[in-house]
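1. from the sequence below, what's the structure:
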Amino acid sequence: KNDFWKDNGKKTIMKLYVAVHYPASACNLHCPYCYIGQRTEEKQFAELYHSPKFVRWCLSQKRLGGAALITLCGAGETLLGDRIVEVCLELLAEGHYLHIVTNGTVTDKMKELTQRAGEHAKGILFKCSLHYTELKERGLLERYAEGINTVSEMGASYTIEMTADDSYISELNEIKEYAIEKFGALPHITIARDDSKREMPILTELPVDEYYKIWNSFESELFEVKWNYYAKPIKFCDAGKVSLWINLITGNMHKCLCQPAVDNLFDTTIEHISFERV
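-> Have a look, this model is predicted:
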């Protein structure tokens, strides 16, 4: 069937979380704190081996056991990935909610997806990273804001998130003024990490307490959550019970990051995907 909601009535509450690693391993921006720049592997945009319709079947509500919040995130800029708009439209028609991680500069794809989604646009959340210095130096600050506000007016939701990097400290007042003017609120803050080291320490030259004091000035609840749990062992969580991490190239399914693969999404003999706690 072409459209899950037209065939089955109202949207139901999301029951699951599925993180999808999308094949986009390069970016149109080059931020010094980005983990892509910290790595040496080949940067590319691989072609999807399977069609968007088959991806939808693999992630169907029948197979998953209900509607899911599906995060689509590349190792680079997600919206530059192969057939990303078509995959998103299929998943929306299946009745899922989408959380799309983007740097907010690929405005043509953002607008195309939101426009083509029509009434399903309310199921889209763009997680727009604010790479302020890169946008400023490239003259993209207006384009960034215009694109995000346009898709918001078309029915999609968004969040603005900024990496707490030392290089921004001298521009914090300017950044806050920009965010208030363009979006009416300060951005959320996420912790910068050093992905080149196994333990992934916070990427800063500052004492930890000073780092926290500076970035806590944004009063971001996201920053508080990440700060309280960063690099701390968590026991008895529900990872695997209501969530999966999937590589859309290999099809490998994991109960959580750094866990071994438990099944393959593209195995057509699997009628119902199993969710079991890590």
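2. residues near Lys62, how many?
-> Neighbours of Lys62 under the rule other CB atoms under 10 Å: 11. The way it works is simple: take the backbone N, C-alpha and C, and place the C-beta from them, glycine included.
3. quick check: it is in a helix.
-> Yes. The assignment for Lys62 is a helix, going by DSSP: H, G, I helix; E, B strand; the rest coil.
4. now the residue lying closest to it once chain neighbours are set aside: which helix or strand?
-> In this structure, Lys62 finds its nearest non-sequential neighbour in His272, 7.8 Å apart by CB to CB, 6 or more residues apart in numbering. Of the helices and strands defined by DSSP states H and E, none includes His272.
5. report how many residues lie close to His272.
-> 9.
6. do you know the pLDDT at it?
-> At His272, the pLDDT value in this model is 94.
7. ranges for the strands of the stretch 51-200 of the chain?
-> 68-74, 97-102, 124-129, 157-164, 188-191 (DSSP state E, counting those that start in this stretch).
8. mind putting those into a markdown table with distance to Tyr49, mean neighbour count and mean pLDDT?
-> Output for the strands of the stretch 51-200 of the chain, formatted as a markdown table (distance: least, CB to CB, whole Å; neighbours: other CB atoms under 10 Å; pLDDT from 0 to 100):
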| stretch | distance to Tyr49 | mean neighbour count | mean pLDDT |
| --- | --- | --- | --- |
| strand 68-74 | 16 | 22 | 96 |
| strand 97-102 | 21 | 22 | 97 |
| strand 124-129 | 25 | 22 | 97 |
| strand 157-164 | 30 | 20 | 96 |
| strand 188-191 | 31 | 20 | 96 |
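9. any chance of JSON lines for those strands, columns distance to Arg116?
-> JSON lines is the format used below for the strands of the stretch 51-200 of the chain (distance: least, CB to CB, whole Å):
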{"stretch": "strand 68-74", "distance to Arg116": "16"}
{"stretch": "strand 97-102", "distance to Arg116": "13"}
{"stretch": "strand 124-129", "distance to Arg116": "11"}
{"stretch": "strand 157-164", "distance to Arg116": "17"}
{"stretch": "strand 188-191", "distance to Arg116": "28"}
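10. one step back: wait, the residue nearest to Lys62 touches Gly66, no?
-> No. Counting by CB atoms under 8 Å, His272 sits too far from Gly66 to count as a contact (11.1 Å).
11. list the contacts of Val208.
-> Val208 is in contact with Ile202, counting by CB atoms under 8 Å, 6 or more residues apart in numbering.
12. now do the phi/psi pair for it.
-> According to degrees, to the nearest 10, the main-chain angles of Val208 amount to phi -60, psi -40.
13. tell me how far it lies from Glu199.
-> Distance from Val208 to Glu199, counting by CB to CB, to the nearest Å: 14 Å.
14. kindly report the same for Val151.
-> As judged by CB to CB, Val151 and Glu199 stand 37 Å apart.
15. and for Pro52?
-> According to CB to CB, Pro52 and Glu199 sit 38 Å apart.
16. more crowded one of these two?
-> Set Pro52 next to Glu199 and count neighbours by other CB under 10 Å: Pro52 wins out with 18 against 7.
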